[in-house]
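*Asks:* turn this into a structure:
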Amino acid sequence: MSHPTVTSPLRIKVTPVYDANYKAFHQGWPVICNEGGSRSSKSYSIIQLLVQLAQNTKGLRISIVSHSLPHIKRGAYRDFCLIMQDLCLWDDANFSFTDFIYTFKSGSYIELFGLEDESKARGPSRDILFINEANLIKKTLYDQLAMRTTGQIFLDWNPADFVNWVYGVADNPLNKTIHSTYVNNRANLSQTQIASIEAFKDLPDDFMWKVYGLGLRGAAKEIIYTQWKTCGELPGKGDVFYGLDFGFNHPAALVRVEHYDGVNYVQECIYQSNLTLSDLIQKIKEYVKDKAPIYADAAEPKSIEEIYRAGLNIKAATKDVWAGILKVKSYPLYITHNSTNTQKELSSYKWKKDKNDNIIEEPVKANDDALDAVRYAIYTHFDKPKFVFKPREEWQ
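*Replies:* As a prediction, the model looks like this:
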């Protein structure tokens, strides 16, 4: 198939990131990698270009892919709908809500799918591929998708990983890498969004600012949490919630977290082995006197149900370890001086290493009971969806 062309940029508001992708596409780079910080317009700009190509080219097959369909719905699909509306192109009759495929008057289509079922990577071929947050899928899946793509490949990601296959693709001189940060998209961001990104500058741990502010690749440190501090006691003025890690031979751990003035304060409440579930419930009730939520290890649904029936506001925690650690690191962290077990765990909590002594994004699974509880609490409490998907016919 001949390389499709776009005769002119979009007549709607675009960012320098769109312009860079537009130029790279016409220069004929086989793989265009968009690596950068948060809110830089990477995904939005690529989708703008894909919509323009589908609108102006006959019979073009375009796939927008991510690691899961829920991720697609919260991100790429939402951007796609907004762009189509801005261009006055959307027609319900042209979109299959079952298959997530939009067919243009040109005969071209854009399909969106997730890779929960890995066999989808070995499906039909396409002309153009866009993998959103490519660092979250396996290299083998990328290879399967790439070999079934006859033309252009776009990738984007935030470079939070220490080691990832996408860096090898980006660093290949045959491919094009476009670096971007929120500054490239500043005109389209609210002051609140800008402030939330720039607040990373003030964290003692510079990891979050380097990755999500400056769009630089994550630098490996063996100790995971390096910048926590101790405090006398909790402020007593903020939002309170709890984290719970179950245990018997190893300690069960309950921590109280108070979020106040942008800081998370942690108090160790329970850290004890050989507790039966009834013992644990009794002890929890000694510390939790209100309806503050308790976020517990989701691998123990029976225990969670028993605690809920005992009258406590307990919920299954979100267990994404890597994302949870990043969420904990995204706030200043203070540990009360008498939370001695939590402090010991923080001092020894390390990343695993491969056979070549390279750090990988998985913690060593030892002496982490209190820290699991901290992660359950902070990640689940603050990782609330910003967009709830509804079919278009339900939009107001």
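*Asks:* ranges for the strands of the stretch 51-200 of the chain?
*Replies:* For the stretch 51-200 of the chain, strands defined by DSSP state E, counting those that start in this stretch occupy the ranges 61-66, 95-96, 101-103, 109-114, 128-131, 153-157, 176-180.
*Asks:* any idea how far Asn158 is from Gly36?
*Replies:* Between Asn158 and Gly36 the distance is 7 Å, computed by CB to CB, to the nearest Å. Placement of C-beta: from N, CA and C, glycine included.
*Asks:* what do those two both touch?
*Replies:* Common contacts of Asn158 and Gly36 (CB atoms under 8 Å, 6 or more residues apart in numbering): Gly215.
*Asks:* with just CA atoms, put the helix or strand harbouring Ile325 into CSV.
*Replies:* Under the criterion DSSP states H and E, the helix or strand holding Ile325 is helix 321-329. Output in CSV follows, covering the C-alpha atoms of helix 321-329 (Å, rounded to 0.1, in the frame of the first residue of the first chain):
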residue,chain,number,x,y,z
VAL,A,321,2.1,-3.1,42.9
TRP,A,322,4.1,-0.9,40.5
ALA,A,323,1.4,1.7,40.1
GLY,A,324,0.7,1.6,43.8
ILE,A,325,4.4,2.3,44.7
LEU,A,326,4.4,5.2,42.3
LYS,A,327,1.3,6.6,43.9
VAL,A,328,2.9,6.3,47.4
LYS,A,329,6.0,8.1,46.1
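*Asks:* starting at the chain centroid, how far to it?
*Replies:* 10 Å (CA atoms, centre = their mean, to the nearest Å).
*Asks:* which neighbouring elements make contact with that helix?
*Replies:* helix 207-208, strand 359-363, helix 369-382 (3 or more CB pairs under 8 Å, 6 or more residues apart in numbering; DSSP states H and E).
*Asks:* could you rerun that using 6 Å?
*Replies:* Using 3 or more CB pairs under 6 Å, 6 or more residues apart in numbering; DSSP states H and E, the elements in contact with helix 321-329 are helix 369-382.
*Asks:* show the average pLDDT along stretch 283-292.
*Replies:* Averaged over stretch 283-292, pLDDT sits at 94.
*Asks:* I should have written stretch 343-359 there, sorry.
*Replies:* Stretch 343-359 carries an average pLDDT of 86.
*Asks:* and it, how far out from the chain's middle?
*Replies:* That offset, for stretch 343-359, works out to 22 Å (CA atoms, centre = their mean).
*Asks:* swap in stretch 130-141?
*Replies:* Distance, centroid of stretch 130-141 to centroid of chain: 13 Å (CA atoms, centre = their mean).
*Asks:* again, but for stretch 62-78
*Replies:* 13 Å.
*Asks:* which parts of it are buried?
*Replies:* By 16 or more other CB atoms under 10 Å, the buried positions in stretch 62-78 come out as 62-67, 69, 71-78.
*Asks:* picking that back up, more neighbours: which of Asn158 and Gly36?
*Replies:* Under the criterion of other CB atoms under 10 Å, the comparison of Asn158 against Gly36 puts Gly36 first, with 28 against 20.
*Asks:* pLDDT value on the more buried one, please?
*Replies:* Residue-level pLDDT assigned to Gly36 equals 96.
*Asks:* now the phi/psi pair for it, please.
*Replies:* Backbone geometry at Gly36, expressed as degrees, to the nearest 10, gives phi 180, psi -170.
*Asks:* that one reaches His179, doesn't it?
*Replies:* Yes: using CB atoms under 6 Å, Gly36 is in contact with His179, at 5.4 Å.
*Asks:* who touches both of those two?
*Replies:* Residues touching both Gly36 and His179 by CB atoms under 6 Å, 6 or more residues apart in numbering: Gly215.
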